[in-house]
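Trainee: Here you go, sequence then predicted model.
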Amino acid sequence: MFLKLLASIVGTLLSYGLYHALKLVYQELNSPVRHLPGPRSNHFIYGSSKDLMRDMADGGALQEKWVEMYGRTLKYPFFFGLTRLYTTDTKALNHFLTNHNIYQRPPHSRYLLSLIVGPGVLVTEGEVHKRQRKVMGPAFGVPQLRELTSIFFAKSAEVRNIWASEAADSPMRLDVLSWLNKTTLDIIGLAGFDYSFNSLNTERPTELATAFDATMQATVTLSAFDIIPAWVPALRACPTKFAVLGRASQKTMSRIGREILRRTKTDMAESGTFEPRRGRDLLSLLVRANTAKDVPENQRLSENEVLAQVPTFLAAGHETTSTGTTWALFALTQNIPAQTRLRAELLGVETETPGMDELNALPYLDCVVREALRLNPPVVSTSRVATQDDVVPLDTPWTDARGVVHETLRVTKGQNVIIPILAMNRDKTIWGPDATEFIPERWESETPISNNLPGVWGQTLTFLGGPRACIGYRFSVVEMKALLFTLVRAFEFELAVPAVDIGRKISIVQHPFVRSDPGAGVQMPLIVKPYPRPM
Ligand code: HEM
Ligand SMILES: *[C@@H]1O[C@H](CO)[C@@H](O)[C@H](O)[C@H]1NC(C)=O
């Protein structure tokens, strides 16, 4: 009896596996993408996928060479001899990003993300995603952000004071990455859901920080056992290490989220009108929007959906902003005239805590942030999968092996597409021959570039574009500006190691590390020296 059952389970799994393998082979053989030109495979398992990942960490030279040799739209060998599409064609990328209902986040990446953040706006698709974005929209608007600016400055001052006391007597070597990581965690806690992580001034992490940290650490050490179920949905019931950990963390995060939510609602009820006493954080605003009278019942978020936004804000808004700011400080150590010019502009402001509008009106600070986020986008690439057959329009036609020129590209259902954020941000045909240098001045001309990139901010792909662009882009730009304003006024920065010693490691974001000291983990060692200010 038992054997029979086992045999039938194994049989089902095998035929399921066989079915999927055959489907993959069929898709592969029929894929029009196979006719594109492109590099040959140099490894029978990895194809070129490892080279591509490494190149994204190394700044994109290989991708540039590929485009030079094969044109803007090309194929490259993926794992197990499968063919993947790579394109830097602006019209094609525009098409992928604006047609977000056709080009969705791949199921395997949605699955892995959902183990970290639950059914939040990062992982949902279609109508559910649209409904969530709509209710969340106002919380990320300009008027709300104006209210949050004082939180950004309060936390910026806190980290400034810590650094000032460490470097009081002599210039001090500090790992700015870990400090900024704490600062942006504290900020997203307070501004995101009125929660004090207090990671800047205590060593003891809160329960929420511990739960979130556990899943984040686990993403760095994913094993094949964790990844296979992502690709083979039938195996998702398996209790892999990551799945068990993710679900346990989510349980903790939901419980804490529910406490936060209860407090938010009590605050709202006590203040009578829907004007909460302190609720200017994103979650309170979201709850308010969700309960507004003009929102029809079927357009509202469920409690689980609301709760999922807590880990979503953490996953999306914490390390992205800290690495973005870290790379901005790094860039300023590599261009001392820019650092000096920025400091002069910032010291021209009377107050330590300007409002959002005053901050946004500082022209050179704006150039510096734009240029830093162009050159070192925290998220270097993302991917999408076509959910139906489609014809992709192109700026630059491609030529097949028989010499036939094609104005468009046919893709079939299941086709994976890469959105090469870093490569587009550094593309020499778009940005000019100095594309890989940090030159804030390029943003001073009225029209720095005229491209058709569908980027939601700064003519770059840093925050992506289209209906699934980063919802928090205004938030993080103002946050970065407040941090740089406060820190560059107070200190002079110098790189503590030679510039060539700084490498990049890509997990969800691109982290810096020191090549000669990889054992120390990710870090950005800078020499921090108080800037003597005339009283
Ligand atoms: C410098 C900082 C940031 C960068 C570079 C960044 C970048 C991005 C990128 C590239 C995406 C698209 C990912 C994809 O679809 O594959 C994204 C999505 C998202 N970001 Fe950000 N982000 C930043 C800060 C923030 C902050 C501060 C928040 C929230 C407080 C946030 C919330 C989100 C959310 C919720 C999404 C999902 C949007 C959707 O799918 O509809 N991000 N971000
Ligand atoms: C930043 O904080 C997160 C937890 O919120 C942690 O997982 C990560 O290791 C930290 N990264 C750095 C570079 O300190």
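Mentor: Received, thanks. Ligands and ions are numbered 1, 2, ... in the order given.

Trainee: Could you use CA atoms for every contact and neighbour count after this?
Mentor: Fine.

Trainee: so who does the residue in the stretch 201-350 of the chain positioned nearest to ligand 1 touch?
Mentor: Across the stretch 201-350 of the chain, no residue is closer to ligand 1 than Gly317, which sits at 3.3 Å (CA to the nearest ligand atom). Going by CA atoms under 8 Å, 6 or more residues apart in numbering, Gly317 touches 188, 472, 476.

Trainee: Quickly note the distance from the second one to Gly324.
Mentor: Think Gly472. Separation of Gly472 from Gly324 (CA to CA, to the nearest Å) stands at 13 Å.

Trainee: Compare neighbour counts for these two and give me the winner.
Mentor: Per other CA atoms under 10 Å, whichever of Gly472 and Gly324 has more neighbours is Gly324, with 27 against 16.

Trainee: Apart from its neighbours in sequence, what residue is nearest the more buried one?
Mentor: Nearest residue to Gly324, sequence neighbours excluded (CA to CA, 6 or more residues apart in numbering): Pro378, at 5.5 Å.

Trainee: Just the endpoints, please. Distance across stretch 436-455?
Mentor: End to end - CA to CA - stretch 436-455 spans 19 Å.

Trainee: quick one: average confidence on that stretch?
Mentor: Averaged over stretch 436-455, pLDDT sits at 83.

Trainee: Show me which residues of the stretch 51-200 of the chain sit near ligand 1.
Mentor: 121-122 (CA under 6 Å from any ligand atom).

Trainee: The nearest residue to Ala211 once chain neighbours are set aside - how many residues pack around it?
Mentor: Counting by CA to CA, 6+ apart, Ala211 lies nearest to Ser249, which is 4.9 Å off, once chain neighbours are set aside. The number of residues packed around Ser249, counting by other CA under 10 Å, is 23.

Trainee: same deal with Ala168?
Mentor: Counted with other CA under 10 Å, Ala168 comes out at 13.

Trainee: So Glu352 sits against Thr486, correct?
Mentor: Yes - Glu352 lies in contact with Thr486 (CA atoms under 8 Å); the separation is 7.2 Å.

Trainee: out of those two, which sits in the busier spot?
Mentor: Thr486 (25 against 14).

Trainee: Isn't that one up against Pro354?
Mentor: No - between Thr486 and Pro354 there is no contact under CA under 8 Å: 10.3 Å.

Trainee: returning to that earlier point: the residue nearest to Gly324 and Thr321, how far apart?
Mentor: In terms of CA to CA, Pro378 sits 8 Å off from Thr321.

Trainee: The helix or strand encompassing Gly503 - contacts with which helices or strands?
Mentor: Element membership for Gly503 (DSSP states H and E) is strand 502-506. Contact partners of strand 502-506 among helices and strands, from 3 or more CA pairs under 8 Å, 6 or more residues apart in numbering; DSSP states H and E: helix 49-58, strand 510-514.

Trainee: Could you check the angle the shortest one makes with strand 502-506?
Mentor: Angle between the axes of strand 510-514 and strand 502-506 is 140 degrees (criterion: axes from the mean of the first three to the mean of the last three CA atoms, to 10 degrees).

Trainee: quick one: is the helix or strand that strand 510-514 is followed by near ligand 2?
Mentor: For strand 510-514, the following helix or strand on the C-terminal side (DSSP H and E) is strand 525-530. No - Strand 525-530 lies out of reach of ligand 2 by CA under 6 Å from any ligand atom, never closer than 11.7 Å.

Trainee: Now do the same for the residue of the stretch 51-200 of the chain found nearest ligand 2: its pLDDT.
Mentor: Closest residue of the stretch 51-200 of the chain to ligand 2, CA to the nearest ligand atom: Ser178 (4.1 Å). In the prediction, the pLDDT value recorded for Ser178 is 96.

Trainee: for it, helix, strand, or coil?
Mentor: helix (DSSP: H, G, I helix; E, B strand; the rest coil).

Trainee: Tell me if I am right that Arg402 is in a helix.
Mentor: No - in this structure, Arg402 is coil, not part of a helix, as judged by three-state DSSP.

Trainee: And for it, the neighbour number?
Mentor: Using other CA under 10 Å: Arg402 sits among 7 other residues.

Trainee: Distance of it relative to ligand 2?
Mentor: As judged by CA to the nearest ligand atom, to the nearest Å, Arg402 and ligand 2 stand 50 Å apart.

Trainee: tell me the phi and psi of that residue?
Mentor: phi -90, psi 0 (degrees, to the nearest 10).

Trainee: just Ile45 next, same as before
Mentor: phi -100, psi -50.

Trainee: got a pLDDT number for it?
Mentor: For Ile45, pLDDT reads 85.

Trainee: Return the alpha-carbon coordinates of stretch 254-267 using CSV.
Mentor: Extracted as CSV, the C-alpha positions of stretch 254-267 are listed here (Å, rounded to 0.1, in the frame of the first residue of the first chain):
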residue,chain,number,x,y,z
SER,A,254,3.3,40.0,11.2
ARG,A,255,2.8,39.9,14.9
ILE,A,256,4.8,43.0,15.5
GLY,A,257,3.1,44.6,12.5
ARG,A,258,-0.2,43.9,14.0
GLU,A,259,0.8,45.6,17.2
ILE,A,260,1.9,48.7,15.2
LEU,A,261,-1.3,48.6,13.3
ARG,A,262,-3.4,48.4,16.4
ARG,A,263,-1.6,51.4,17.8
THR,A,264,-2.1,53.3,14.6
LYS,A,265,-5.8,52.6,14.6
THR,A,266,-6.2,53.6,18.3
ASP,A,267,-4.4,56.8,17.6
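
Trainee: Wasn't Pro532 part of a strand?
Mentor: No - looking at Pro532 with three-state DSSP, it is coil, so not inside a strand.

Trainee: and it, how many neighbours?
Mentor: 10.
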